[in-house]
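Colleague: Just to be clear, the model below is a prediction. Sequence and coordinates:
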Protein chains: 2
Amino acid sequence: MKLIVTTLMVIFIGLNAPISAQNNENVINSLFLNSLNDTTTYHQLRYLTKTIGGRLTGSPQAMAAVEYFYEQLKQMGFDTVYLQETKVPHWVRGEKETARIVSTKYGREDVNVCALGTSIGTGNNGIVANVVEVHSMEELAKLGIKNIKGKLVFFNHPADPNTYATFSSYGSSVWQRSNGAAEAAKFGAIGVIVRSATLAHDYFPHTGVMRYQEGIEKIPAVAISTNDADLLSSRLKAEPQLNFFFKTTCEQFADVKSYNVIAEIKGSKSPNEVFVVGGHLDSWDTGEGANDDGIGVAQSIEVLRLFMALNLKPAHTIRAILYMDEEVGQSGGSTYAELAKTSGEKNLFALESDRGAGLPLGFSFEAPDELIKKVQSWQDFFLRWGLYSFTKGGSGVDVEPLKELGVPLAGLVTNSQEYFDYHHSPNDVFEHVNYRELQLGGASMAALLYLLDLNWVE
Amino acid sequence: MKLIVTTLMVIFIGLNAPISAQNNENVINSLFLNSLNDTTTYHQLRYLTKTIGGRLTGSPQAMAAVEYFYEQLKQMGFDTVYLQETKVPHWVRGEKETARIVSTKYGREDVNVCALGTSIGTGNNGIVANVVEVHSMEELAKLGIKNIKGKLVFFNHPADPNTYATFSSYGSSVWQRSNGAAEAAKFGAIGVIVRSATLAHDYFPHTGVMRYQEGIEKIPAVAISTNDADLLSSRLKAEPQLNFFFKTTCEQFADVKSYNVIAEIKGSKSPNEVFVVGGHLDSWDTGEGANDDGIGVAQSIEVLRLFMALNLKPAHTIRAILYMDEEVGQSGGSTYAELAKTSGEKNLFALESDRGAGLPLGFSFEAPDELIKKVQSWQDFFLRWGLYSFTKGGSGVDVEPLKELGVPLAGLVTNSQEYFDYHHSPNDVFEHVNYRELQLGGASMAALLYLLDLNWVE
């Protein structure tokens, strides 16, 4: 599938000459063209998603992903490849969850749920109780103990569709997943059912991490698919006293050892000054972790592959980090930042890809205005490859701990209209990654790092 | 699925006041927000693709689509809904095509082909012959009669991946589909096998129209999937004398009557001055015609729906045209333009959506610079909804005949990285249309027409 065409070879031959600022445009174009003709990391992504599959932090699959990429990166011939130990949570989902509406009017209706990450299980008998539907924490508090005690709380606040920014839509509904169980337990609830944090209308439950609070009873929590949430809500309107049953057998175990997988191309001038590019190796277990975040792994490796393929010799070290445990404890990102404090190195800049492999549209920065302006001054290089947006905004969960060290951060911004249709669900599969969009994203990151490395001034 | 939320209602209430230039921003935002909360045309698209299915020009399905939308548009309550008669080609694919490589080394290997549109069939016995692989018309001519006579010509020029612009990639390979049979017949070929015009590597053959030349013998033509093209090419390298068999039973019949389906909102000031918005009703028959071009149909109707929902009263008539026969004879577009010459109306501007329901990114114009500059001056309205590109470029096949009348034209530009993966193939199905991207596209078109209508100066 490697199609090397004549025009491309002409450009490559040109690149054997030393790189000067004048031929930046050629280099940027060559990064994209090389990427659109190479399937190395696309096939690695296929293996990660189709052969290894979902790889929950602490699971055998997560360790298989570590081992696979450690070997792959060594074979690719980068200057350094190593593992960085980190302690990660170990939560196990157990058997496939079951749930049903038990109504005198409508009979028993099976619905699609999944346990939320770090939730306790119900035990083998499951739990069954009346349901109280709420849409906000205020509504929950207003109902109080007398209406909630001994019941299941059904958080049914839909993600807000009234924005272009689907990450805001997600943010508008994810609070019930994160904190619903702890808040409901304060009023004596025995479990929570949470509407999936997605704009999609379908039958996939979307998992994700939740947090208990110290001193508050732990109660089981499940996500319910949006279509089933709508069904449950309509059934409750017709029959407020209906029962809901669910059974989950998830369990929390002691933390285990795991690893960030790291590869780098050493800086020719300042090897101790580092540009970080990363994504996360772990994923949720109900899907294949393709868009979240197999693609970030593939694109981070693609950055290094491109520098090597084009024989670019960065002045500073370019380091790809395949982070462990973004989804549950964020331990990989914390460990890297912790070790960075005493490593004797300086992290100059860190870039993450963790928004799915939609069409790349630009970068968002947690960085000083001058840096953003500098990137904006390069917009002509980027615009022909579809990147037009270079603004302040979030970076990525894994690189975020570096902020404390004063490291400027950025995230690859992609078309996210579909992202939350897949996110944390059984529908996050390899088939929803488009080869060209994946490659354009990796090349975009390489282009940004190439230009930053070349123009970096302290 | 209609989610009417409080913030949205506030905006709508504001819109009952007459529209002034000052509240353009509110109107534009309301168009997008209304569209992101309404599923009318999304469900129409579902019916068109899932219930009616592929609807080849001249077929019963194409007529069912005419009837369905004629009724739907009347029910939606637009000012005028009517049919415009046009004569269309009537080609029938016949039974599912079969094809195989017949090799002494590898045995018989079935491959995926489909007849190209308007091709003659092979007859019930099929044809079998040696294969000559070529990659250009020059190569074909060089081989000449002595190497080609009595054989099958295999056009295997891949679409060029070395560009961001996938329409250019398509253009780089579609010539062999359009003209391969006629050119090969000049050298005595008895049939052609054409690599599918797509960047995807898969097993879907991509059909599309081809043209015979007067006075040149008509020979059967099929498209072969890209993976099977690669297989055939590798088998030919190992065994140049292998045979290839294919059987197609397609037939061309006499032209039949069909219709453009038209609906409009009459202009309050200049009802005889018309803004056209359109897509095409017909599609290829091997898939469901979802991205090509069910989405253009849905979005064109959405434009009218939005004007009505927001109680916008355009000064000029806004006319949605669901064109018939874009794929084979382009008769619907020609008929409309022909009738426009003597209608006593003036077509001010025509906008088409026929590039798939990817994320909308802007518009491309076949229009005077002043018009493009005017649109660019509105970029702040568009940018928050992801539209950033307003440049010269193609419009659409259906509106193109209006150019002769001096009508400025435009096309909705969408993310087309995936489009040719589906285009003209069995994989062009409803599932590959994202609801939000579809809606954003319809709202984008409504926003452009709203601003042009309000600011139109002759």
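Modeller: Yep, that arrived.

Colleague: Next to chain B, which bits of chain A? Give me the list.
Modeller: A:1, A:3, A:5, A:7-8, A:32-33, A:36-37, A:158, A:160-162, A:164, A:166, A:199, A:201, A:358-359, A:361, A:384-386, A:388-389, A:415, A:417-418, A:421, A:434, A:436-437, A:440 (Cβ under 8 Å from any Cβ of the partner chain). No exception for glycine: its C-beta is placed from N, CA and C like everyone else's.

Colleague: In strands only, show me these.
Modeller: Judged by DSSP state E, the residues of chain A next to chain B include A:361, A:389 as members of strands.

Colleague: Pull out the buried residues from the residues of chain A next to chain B.
Modeller: A:8, A:32-33, A:36-37, A:158, A:160-162, A:164, A:166, A:199, A:358-359, A:361, A:385-386, A:388-389, A:415, A:417-418, A:421, A:434, A:436-437, A:440 (16 or more other Cβ atoms under 10 Å in any protein chain shown).

Colleague: Would you report which members of these are assigned to helices?
Modeller: Using DSSP state H, the members of these that fall within helices are A:8, A:32-33, A:166, A:421, A:436-437, A:440.

Colleague: In JSON lines: these, plus pLDDT.
Modeller: Output for those, formatted as JSON lines (pLDDT from 0 to 100):
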{"residue": "A:8", "pLDDT": "40"}
{"residue": "A:32", "pLDDT": "98"}
{"residue": "A:33", "pLDDT": "98"}
{"residue": "A:166", "pLDDT": "97"}
{"residue": "A:421", "pLDDT": "97"}
{"residue": "A:436", "pLDDT": "98"}
{"residue": "A:437", "pLDDT": "98"}
{"residue": "A:440", "pLDDT": "98"}
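
Colleague: closest to residue A:337 among those residues?
Modeller: The closest of these to residue A:337 turns out to be residue A:166 (Cβ to Cβ; 28.0 Å).

Colleague: Please look at the closest one and residue A:417 and confirm they touch.
Modeller: Yes: counting by Cβ atoms under 8 Å, residue A:166 touches residue A:417, with 6.1 Å between them.

Colleague: Where does the prediction get shaky in chain A?
Modeller: A:1-22 (pLDDT under 70).

Colleague: what about residue A:308, which helix or strand?
Modeller: When elements are assigned from DSSP states H and E, residue A:308 belongs to helix A:295-309.

Colleague: Show me how far that helix is from its chain's centre.
Modeller: Relative to the chain's own centre, helix A:295-309 is displaced by 17 Å; criterion: Cα atoms, centre = their mean, to the nearest Å.

Colleague: Which other helices and strands does that helix contact?
Modeller: Where contact means 3 or more Cβ pairs under 8 Å, 6 or more residues apart in numbering or on different chains; DSSP states H and E, helix A:295-309 is packed against helix A:24-35, helix A:40-46, helix A:60-76, strand A:251-265, strand A:270-280, strand A:316-323, helix A:435-455.

Colleague: residue contacts, residue A:301?
Modeller: Residues in contact with residue A:301 (Cβ atoms under 8 Å, 6 or more residues apart in numbering or on different chains) are A:41, A:44, A:69, A:72-73, A:76, A:263, A:320, A:322.

Colleague: and if we set it to 7 Å?
Modeller: Neighbouring residues of residue A:301 by Cβ atoms under 7 Å, 6 or more residues apart in numbering or on different chains: A:41, A:44, A:73, A:320.

Colleague: Same question for residue A:101.
Modeller: A:109, A:111, A:232, A:235, A:242, A:244.

Colleague: wait, is it part of a strand?
Modeller: Yes: remark: residue A:101 belongs to a strand, assigned using DSSP: H, G, I helix; E, B strand; the rest coil.
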